[in-house]
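A.B. asks: Following is a predicted model, sequence given first.
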Amino acid sequence: MKSPEIPANEKERLDALRESGLLEPGASPAFDRLTRLAKRVFQVPLAMVNLIDEHTLIVKSADGNAPETVPRNISFCGHTILSEAPLVVGDMLRDDRFADNPLVAGEPGVRFYAGFPLRLRDGASVGSLCLIDYQPREFSAADLAVLSDLGALAEDEFAAVSAATTDDLTGLFNRRGFNQFVQFTLSSARRRAEPLTLGWIDLDHFKSINDLYGHEEGDKALKAMASLMRASFREADLLVRFGGDEFAVLFADTDEQGGWIAMHYLSGQVESYNARRLHPWALAFSWGVSEFDHQGNDVQQWLKCADEKMYAMKQQRRLER
């Protein structure tokens, strides 16, 4: 078996993928439509849109029986992203790269693969649209043209996701929106010699809400948290849903003590909301605040500091229970 090589631009490729918003969890109806269409058009048991992260193939959408993730070193799509041309293997057992691959030699016994490399607008190859069959098959030039057309549609959707700066569920800025605006905000605060503080929020027991009451109630909890943040903070503050159950707020012209006070105010608003007993669950969150050091910080250090303070609070609460 030949493991896929690492592209020469791997760091830039991974940075582009993580900035794109494509790794955010949640339903992907546009990609689901594409995989349904691909499966029906080509009459294969499995069609997927995949992303290639540092160590893992992540299934963004699948029609058919597919795992959520596959180790990158045994993935077929890891090979696909290395070229601008589609990768088609009519019989995996006759290809030295794949004949002894565990996905071929063992379960599920893949025999046919066709993958179209999917790129972001900046050219970074971050995933694939692929077809899987458990029998060898031919793939004609006409088939390849149709796969390329579907791949172009997938790339258009990649571009739409990457261009979005707001979170569909909550209406807050998403990770990409934060990354676009944070440098401007820092530059403005530096010019005006104003403090800028980051508040980092992580919902407590969110997985339990999903597990006990279903994802619809989990979505309600996320939207409720977003609404309470809007009501608690100023219009000048930048509110962000980073993904999953993580939120952030950039407090404009505010030092760390001011951010600490604001977060306590949000805690009081959450307690008042829970007291109304509108849902079978209650909101709870851990948080940390960190003031930007204009002389020494960079954005990643700043995020890490706020996250570490949030995590310390979460750990302390676990010990107190």
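C.D. replies: Yes, it's here.

A.B. asks: in this protein, what spans have low per-residue confidence?
C.D. replies: Scanning the chain for pLDDT under 70 picks out the ranges 321.

A.B. asks: so where do the helices sit in it?
C.D. replies: 10-20, 29-42, 77-80, 102-105, 141-163, 175-191, 206-213, 215-232, 256-275, 299-320 (DSSP state H).

A.B. asks: Now render these as TSV, adding distance to V249 and mean neighbour count.
C.D. replies: Heads up, the C-betas are built off the backbone N, CA and C, glycines and all. As requested, those are exported to TSV (distance: least, Cβ to Cβ, whole Å; neighbours: other Cβ atoms under 10 Å):
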stretch	distance to V249	mean neighbour count
helix 10-20	20	17
helix 29-42	29	18
helix 77-80	37	24
helix 102-105	44	17
helix 141-163	23	16
helix 175-191	10	15
helix 206-213	18	15
helix 215-232	7	17
helix 256-275	8	15
helix 299-320	10	14
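
A.B. asks: Can you check which of these gets nearest to L238?
C.D. replies: Closest to L238 of the helices of the chain, according to Cβ to Cβ: helix 175-191, at 6.2 Å.

A.B. asks: contacting residues around that closest one?
C.D. replies: Applying Cβ atoms under 8 Å, 6 or more residues apart in numbering, the set of residues contacting helix 175-191 from outside is 19-21, 24, 162, 164-166, 173, 194-196, 238, 240, 242-243, 248, 250, 252-253, 292, 294, 299.

A.B. asks: what's the distance between the residue of the chain most remote from its centre and E5?
C.D. replies: Distance to the chain centre peaks in the chain at R94, reaching 36.0 Å (criterion: Cα atoms, centre = their mean). Separation of R94 from E5 (Cβ to Cβ, to the nearest Å): 21 Å.

A.B. asks: check contacts around the residue nearest to R13 when sequence neighbours are not counted.
C.D. replies: Take R13 and drop its neighbours on the chain: the residue closest to it by Cβ to Cβ, 6 or more residues apart in numbering is A124, 4.8 Å away. A124 sits next to N9, E12, R13, A16, L17 when contact means Cβ under 8 Å, 6+ apart.

A.B. asks: again with L212
C.D. replies: P280, W281.

A.B. asks: Got phi/psi on K2?
C.D. replies: Reported as degrees, to the nearest 10, the phi and psi values for K2 are phi -110, psi 120.

A.B. asks: So which of the contacts of A124 is the closest to A30?
C.D. replies: When these are compared for distance to A30 (Cβ to Cβ), L17 wins out at 17.7 Å.

A.B. asks: Would you agree that closest one is in contact with S125?
C.D. replies: No - the pair L17 / S125 is not scored as a contact, 9.5 Å apart, by Cβ atoms under 8 Å.

A.B. asks: ok, now how distant is R276 from L283?
C.D. replies: 11 Å.

A.B. asks: rewinding a little: and of the helices of the chain, who's closest to G115?
C.D. replies: Proximity to G115 (Cβ to Cβ) singles out helix 77-80 among the helices of the chain, at 3.7 Å.

A.B. asks: for L266, what are its contacts?
C.D. replies: Here L266 is in contact with L228, M229, S232, F233, W287 (criterion: Cβ under 8 Å, 6+ apart).

A.B. asks: if we can go back for a sec, adding distance to Q135, write the contacts of A124 out as JSON lines.
C.D. replies: Output for the contacts of A124, formatted as JSON lines (distance: Cβ to Cβ, whole Å):
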{"residue": "N9", "distance to Q135": "36"}
{"residue": "E12", "distance to Q135": "38"}
{"residue": "R13", "distance to Q135": "33"}
{"residue": "A16", "distance to Q135": "36"}
{"residue": "L17", "distance to Q135": "33"}
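
A.B. asks: quick one on the thing from earlier: could you export the helices of the chain as CSV, including distance to A114?
C.D. replies: Output for the helices of the chain, formatted as CSV (distance: least, Cβ to Cβ, whole Å):
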stretch, distance to A114
helix 10-20, 22
helix 29-42, 8
helix 77-80, 9
helix 102-105, 15
helix 141-163, 6
helix 175-191, 31
helix 206-213, 35
helix 215-232, 33
helix 256-275, 50
helix 299-320, 39
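
A.B. asks: hmm, back to that, R276 and L283: who's more crowded?
C.D. replies: Using other Cβ atoms under 10 Å as the criterion, R276 and L283 rank with L283 on top: 20 against 7.

A.B. asks: How about that one, nearest residue that isn't a chain neighbour?
C.D. replies: Distance criterion Cβ to Cβ, 6+ apart; nearest residue to L283, sequence neighbours excluded, is V270 at 5.1 Å.

A.B. asks: That'll do, ta.
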